[in-house]
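> Fold the following for me, if possible:
(4 chains)
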Protein chains: 4
Amino acid sequence: MRLEKYQIAESNEQLRAKHQRQFEYIAADVKNLDDVMQKLMAFNIAIPSWALGTGGTRFGRFSGGGEPRSLEEKIEDVGLIHALNKSSNSISLHIPWDIPENAASIKALAAQHELRFDAVNSNTFQDQKDQQLSYKFGSLHHGDKGVRRHAVEHNIEVIKYGVELGSNALSVWLADGSSFPGQLNFRNAFQNTLESLQEIYDALPDNWKVWIEYKPYEPYFYSTTIGDWGQSLLLANKLGAKASTLVDLGHHLPNTNIEQIVSLLLMEGKLAGFHFNDSKYGDDDLTVGSINPYQLFLIFNELVEGMDARGMTHATDIGWMIDASHNLKDPIEDLLQSVEAIKMAYAQALLVDKEALVAAQQSNDVTKAQEILQHAYRTDVRPLVAEARLRAGGALQPLEVYRQFEVRKSLIGERGEKTVATGL
Amino acid sequence: MRLEKYQIAESNEQLRAKHQRQFEYIAADVKNLDDVMQKLMAFNIAIPSWALGTGGTRFGRFSGGGEPRSLEEKIEDVGLIHALNKSSNSISLHIPWDIPENAASIKALAAQHELRFDAVNSNTFQDQKDQQLSYKFGSLHHGDKGVRRHAVEHNIEVIKYGVELGSNALSVWLADGSSFPGQLNFRNAFQNTLESLQEIYDALPDNWKVWIEYKPYEPYFYSTTIGDWGQSLLLANKLGAKASTLVDLGHHLPNTNIEQIVSLLLMEGKLAGFHFNDSKYGDDDLTVGSINPYQLFLIFNELVEGMDARGMTHATDIGWMIDASHNLKDPIEDLLQSVEAIKMAYAQALLVDKEALVAAQQSNDVTKAQEILQHAYRTDVRPLVAEARLRAGGALQPLEVYRQFEVRKSLIGERGEKTVATGL
Amino acid sequence: MRLEKYQIAESNEQLRAKHQRQFEYIAADVKNLDDVMQKLMAFNIAIPSWALGTGGTRFGRFSGGGEPRSLEEKIEDVGLIHALNKSSNSISLHIPWDIPENAASIKALAAQHELRFDAVNSNTFQDQKDQQLSYKFGSLHHGDKGVRRHAVEHNIEVIKYGVELGSNALSVWLADGSSFPGQLNFRNAFQNTLESLQEIYDALPDNWKVWIEYKPYEPYFYSTTIGDWGQSLLLANKLGAKASTLVDLGHHLPNTNIEQIVSLLLMEGKLAGFHFNDSKYGDDDLTVGSINPYQLFLIFNELVEGMDARGMTHATDIGWMIDASHNLKDPIEDLLQSVEAIKMAYAQALLVDKEALVAAQQSNDVTKAQEILQHAYRTDVRPLVAEARLRAGGALQPLEVYRQFEVRKSLIGERGEKTVATGL
Amino acid sequence: MRLEKYQIAESNEQLRAKHQRQFEYIAADVKNLDDVMQKLMAFNIAIPSWALGTGGTRFGRFSGGGEPRSLEEKIEDVGLIHALNKSSNSISLHIPWDIPENAASIKALAAQHELRFDAVNSNTFQDQKDQQLSYKFGSLHHGDKGVRRHAVEHNIEVIKYGVELGSNALSVWLADGSSFPGQLNFRNAFQNTLESLQEIYDALPDNWKVWIEYKPYEPYFYSTTIGDWGQSLLLANKLGAKASTLVDLGHHLPNTNIEQIVSLLLMEGKLAGFHFNDSKYGDDDLTVGSINPYQLFLIFNELVEGMDARGMTHATDIGWMIDASHNLKDPIEDLLQSVEAIKMAYAQALLVDKEALVAAQQSNDVTKAQEILQHAYRTDVRPLVAEARLRAGGALQPLEVYRQFEVRKSLIGERGEKTVATGL
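Predicted coordinates:
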């Protein structure tokens, strides 16, 4: 199943007049319009390979239909998304769920869809079939040197697959932790993790990075060995310049001020990137922007300001990825909504009047500072994002096109009603 | 200090052309425009008398200047707010901080400012000077019958003041609780509270209501005797038809789904009304809409839907009030921002396509349901709210007018730099 | 695999002298010793059939060995636990995971192990193989009458199985909820749930109860239709005298004062019983007493006091059950630890000097009230619990005996290393 | 008011027989008894000068009687506590609340009570009377260089007072933060703070330390500039060897694993010490051990293990202090309970069978690890703590002696019923 360019073009044609009116209305008030449009057009968010199937909880999983049965079909799904939104030009693979048997042909297939390969992800939170040394009690932090070695070798193997595909970063989410007081010596666990990461670090190619994710709990329920940004940064600093901290929006204790963490990591030159999602209670992995869109905007406000301050540009310096669990929605629809929410937050952040904000901050004019931020946030930026997509060759209304052409129905026709995406 | 109508009119004139363009743009897409405008114009939110001064924390208080030194000056401040936004036509008094010495003249003063008196609030969380029986260990829940009696009589006295002023509701926030396990017998505390409330209930005039607020913690730190909506509703049901549950947005445990509580209280005919504010951590009492404006919208979405279902109209059936602490901002500016945020959330909720939403819900089209809600939320409703204000005789940009005419400077000139509002 | 009485007796003999010294030391200071011992001996906690296998998370599951492969083997496991601790004389079945094909022979097997059947549990949070109407969007709250009917019939069928086995309560945990704002009309969901529960209620035999569990989130992540004790109690009150509220310790928002809820439910005559576990973050389902044993004691303190006040006795009036997920520990060891923790908390609560506590409360002597509670809590009650077990025919040290006789090794020998418990 | 040694001795004599029996019973099972007793006798916890008066909340304060009216009377109160428990041999002053007018005589008075001076505390969270530059918008992080300088100078002045009194550490709790998004540039705030701290650091005498406290919120409600341990450690590492991180138990987001933080700070050689208290909701500042005593034990378990691993001894290397707010209890009683709770947790941690725990950890025997920890925790260590106090010349039952001799009554007689402690 592919969406042809003429199909998207036809759809756009029907919407163009209305869009044009809306775009002109909003654009008239945007001072830095060219800059905003250019940045919006350049901004892409990677799609993880595990996001194309229906997710679940420990209580069960309600699969939808037409889920991708292979890496090839996952690439095809990302290709569909990218064709629609022109903002999802890469895929992030999970090893061993997505081992490419023939890297060259996989790369060629991706290229056909105008996709490249983002960071590769290792997995030491599950035992694979017939695995001799179990990760039941952790991997890189394990008290047993043999298990640590096994996990280190897996990560090095993941790098190898990534090299073949043209990726240049390893993303490590380490589930390792403990569920009961006394189970773990925290210090030893940290030191073992550091030693293991050092071995992985030493195996990184020159132009590679390693991204260290943190999470306070789940799948362990008393401690996580890389539990917060402080622990991740401590490790990254001890490892060296190639190591940095990855922020998953759902991996925080209640009420955490995530935007402050983002600002400080940027300040330290240690912000690897993001796993985007939204949540109300814990690591809920909901559609980005579905629960607290203002927080997402505040994070982007820090990003825009902090990257400017460091002379960074978006496309190259930070990893952007969605990481969500599509338990109820069609995964492709969910991903389209998520990308859209991210781009809107980015657009709003680009509209913030930075000079006025700095002035308000310097004079402690708190009322004014809020007015400035909320003016940008209250602005209906959807026409700007749509215009950027239009100029890049995508659909004005990706979700509508997806439904109009009954893409899911086609996928079910091709793949069947009862497929379950590999990996999950 | 008063703002004259011609001053506001002049300011509006300067902004009118730009506003007109914006209003027409947005109004073109609003199907139920007349209804929306009418409801926005009719919607008022009460200002509590204690919100006109600078608030503080247990660590201190940084007063601003020109704070009202008397009930008369508090009325004057609310009058200023109402002159600007035409949405704050009532004041909610706190006894004993605001005992009117001459009710008739106070009523006359309020009438001059086009204000009426909203619910009256009792205070049993502090001892007054030379108070014989202390509230240190609670009031209506106290183990000592004498203390309970004292607190009951205070509440009845508050009703009496309210009757004189034309109010018709008593708002009870009961701080009573305990700070240590063992301090309290929860059951006795609840029964004592019920008995005390029953005596107050029996003293209510025919057309009066009693609103029972809940809060999980602070000023006590282990338990609160009316700690959540379930406890408040239990009391309200035992008391009778005049009793109902008041929702203060800041009075919930982390991650509480407040909008669901609102929906169920409406269903039960037991939603008294709201104390509006916003918060990130606890009962932070920040400007409404400053932290999570989407949640505010979701609450209004339940309100609009639920009131429609019960055939209710806004102005008469539910109590709307701000309850915040202005530690850093000019209180009047903070209140202007808060009222604006509430009206925007209301406007957005009025724009929700209810028929489409019901259809999406019935078909479990979760993606679509989100699109429908967020379409309304993403709409920039500021011109609608501004137009409603304009038609009602207020300012297009209340905050700008307030600053343009240097109102605070005038108030400082009249009242002094070092005043501290009575009560706080 | 069975543990013979002589084996337990031999083990006890070796420990008896030391135990005797410890028991006498502590018993000397217990005024109401006979009463305490009698209550401890009579106190039993049900074991759920799903707790005998290794649990997992959405990220995977690390099975242990020798897990029960059938209902019969689950009964055998509970029999082992009860033989050791003499406090686990019943099993709580989960339908459809544990449908008894021949109720009479299952009852006979249970009787051999001195077990009876506790509440039966329905399951509408998963679709069964080839299920026509899906629970993806809920069951009893579903907008589709057909799905509701299907779920109601399932519950009625569960009652039927329970009747055959001699159970007298239906335990309903309703996962139903929503993951996104807009997905659900809260009011309709509540009314549909009430209507469905009413049909189930009407099908209850005369001597039966229905227990309504609540939970704030998971598997849905925005709202749960029976989300807190207030919602559960509202339903129970509308249903009638046979319906009451079940408290699962892990089903609360952060910082909830659970003991207060317990006290109030007891006051209202609506406390159905407990699902015991412990947690640090959310519904972690950890070993009872492993994270916050003082909270467990405080809950039992309310229970002892509240049941006394209502003239209730433990064994008959309240449902006691463990509900945990044994991801890392041997499930039988975990259950032995959990039952022990519950009995210790109960013993400590029985030691509280109630008269002195009432006096301290009446005089607001907060320091003293804490001293009284903590004196009971600080007391090392392990010898009391062990003595009660000894007198009842159990092991002084259940866990040691379990390890000494290498029970798990035997189970693996009988059942295999790679078994996975049915259901989970 | 002083308690004479003979008074305490008389009280001990009455209790000695019972105590002796209890001590012998428990001591018989303690392998390392001499070591435990020696450590318990040597362990002292500082009392902050602001803890001697009744605390309050933003909603008010209910003073008790006989509060200290001067620094001298505060020293007298700590002297009373220390005479009773022989574990509170130092006082921690707060400047400017406790500026010693004559350091020599204050030192002499303290020496009379066998007290020394612990860390001195600066205060930049309040404006002092007639302060020219306000801390309303922060101090060390302030955008205005002048305010920063003012705050730096205050801290340097505090050091000067500390030097005079023989203290050797400056404890900095920086309230600085923001209450609204946009108010602050996080990066600038951090950099300003670092620069300010560097100036203070440079003014430290050779043998001095600076302790950097963190706190997530309050008195600001959106961000705190030193908000968590990661931010504090980042600052401490940039400052140098004299700077380290102070842990206040109440300064964490819900569900934080504090013991893990303690372990890692010890590992890094950056654990300055503690402010002890307990809490259920936020920074509740309740009596130590009153809400979650098991968590306190787990923290001490990390301390004992980690200090052993670094070859540290308690008395010299870490700062121990209580920091609580005595809103309801007599402050002296509250402090006696708090010190007792801390010593019990320490005693329990000293009883942990470390070799067995290491073995259980190495073999991932999670059940056993829990048994080992809980065996120590379940042990009733009160007789050990009492014996250590007895040997050191204190009272077997400090609280009982305090009540028996009606100390508070005497203090009220001396100081009056309506005194309010200076500072608060």
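
> Spatially, what comes nearest to the most centrally placed residue in chain A if we skip its sequence neighbours?
Compute the mean C-alpha point of chain A, and by CA atoms, centre = their mean the closest residue is residue A:321, 1.7 Å away. Counting by CB to CB, 6 or more residues apart in numbering or on different chains, residue A:321 lies nearest to residue A:46, which is 4.2 Å off, once chain neighbours are set aside. Placement of C-beta: from N, CA and C, glycine included.

> what's the answer for residue A:19, then?
Counting by CB to CB, 6+ apart, the residue nearest residue A:19 is residue A:396, at 5.4 Å.

> just checking, that neighbour is part of a strand?
No: Residue A:396 is assigned coil when assessed by DSSP: H, G, I helix; E, B strand; the rest coil, not a strand.

> tell me what the helix or strand hosting residue A:342 is packed against?
Assessed by DSSP states H and E, residue A:342 sits inside helix A:331-351. With contacts taken as 3 or more CB pairs under 8 Å, 6 or more residues apart in numbering or on different chains; DSSP states H and E, helix A:331-351 sits against helix A:33-42, helix A:71-85, helix A:293-310, strand A:319-322, helix A:366-378, helix A:382-391, helix A:398-404, helix B:366-378.

> so what's the closest residue to residue A:32 other than its chain neighbours scoring on pLDDT?
Distance criterion CB to CB, 6+ apart; nearest residue to residue A:32, sequence neighbours excluded, is residue A:350 at 7.4 Å. Reading off the confidence values, residue A:350 has pLDDT 97.

> on that earlier part again, with distance to residue D:337 added, can I get the helices and strands packed on helix A:331-351 in JSON lines?
Formatted as JSON lines, the helices and strands packed on helix A:331-351 follow (distance: least, CB to CB, whole Å):
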{"stretch": "helix A:33-42", "distance to residue D:337": "59"}
{"stretch": "helix A:71-85", "distance to residue D:337": "60"}
{"stretch": "helix A:293-310", "distance to residue D:337": "41"}
{"stretch": "strand A:319-322", "distance to residue D:337": "51"}
{"stretch": "helix A:366-378", "distance to residue D:337": "41"}
{"stretch": "helix A:382-391", "distance to residue D:337": "59"}
{"stretch": "helix A:398-404", "distance to residue D:337": "61"}
{"stretch": "helix B:366-378", "distance to residue D:337": "51"}
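
> Turn the ones you listed into CSV, including mean pLDDT.
Shown next, in CSV, are the helices and strands packed on helix A:331-351 (pLDDT from 0 to 100):
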stretch, mean pLDDT
helix A:33-42, 96
helix A:71-85, 97
helix A:293-310, 95
strand A:319-322, 96
helix A:366-378, 98
helix A:382-391, 98
helix A:398-404, 97
helix B:366-378, 98
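
> wait, which of those is closest to residue D:85?
Set against residue D:85 and scored by CB to CB, the helices and strands packed on helix A:331-351 come closest in helix A:366-378, at 46.5 Å.

> Can you report how many residues lie near residue A:27?
14 (other CB atoms under 10 Å in any protein chain shown).

> before we move on, what about residue A:392?
Per other CB under 10 Å, the neighbour tally for residue A:392 reads 17.

> residues touching the spatially closest residue to it that is not a sequence neighbour, list them.
Closest residue to residue A:392 apart from its sequence neighbours, by CB to CB, 6+ apart: residue A:86 at 3.8 Å. Neighbouring residues of residue A:86 by CB atoms under 8 Å, 6 or more residues apart in numbering or on different chains: A:41, A:389, A:392, A:393, A:394.

> Show the buried residues in those.
Buried by 16 or more other CB atoms under 10 Å in any protein chain shown: A:41, A:389, A:392, A:394, out of those.

> Farthest pair within these?
Spanning the widest gap among those are A:41 and A:394, at 9.7 Å by CB to CB.

> ok, back up a step: isn't the residue nearest to residue A:19 up against residue A:9?
No: Residue A:396 is not in contact with residue A:9 according to CB atoms under 8 Å; the separation is 10.3 Å.

> Can you name the residue of the stretch 101-250 of chain A nearest chain D?
Relative to chain D, the nearest point of the stretch 101-250 of chain A is residue A:230 (2.4 Å; CB to the nearest CB).

> can you count the residues close to that residue?
Neighbour count for residue A:230, taken as other CB under 10 Å: 22.

> from the chain's centre, how far out does stretch A:145-161 sit?
Stretch A:145-161 sits 23 Å away from the centroid of its parent chain (CA atoms, centre = their mean, to the nearest Å).

> What residues sit buried inside that stretch?
Under the neighbour-count criterion of 16+ other CB under 10 Å, stretch A:145-161 has A:147, A:148, A:150, A:151, A:152, A:154, A:155, A:156, A:158, A:159, A:161 buried.

> will you turn these into TSV that also has secondary structure, pLDDT and distance to chain B?
Converted to TSV, the buried residues of stretch A:145-161 look like this (DSSP: H, G, I helix; E, B strand; the rest coil; pLDDT from 0 to 100; distance: CB to the nearest CB, whole Å):
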residue	secondary structure	pLDDT	distance to chain B
A:147	helix	98	36
A:148	helix	98	36
A:150	helix	98	38
A:151	helix	98	34
A:152	helix	98	37
A:154	helix	98	35
A:155	helix	98	34
A:156	helix	98	40
A:158	helix	98	33
A:159	helix	98	37
A:161	helix	97	33
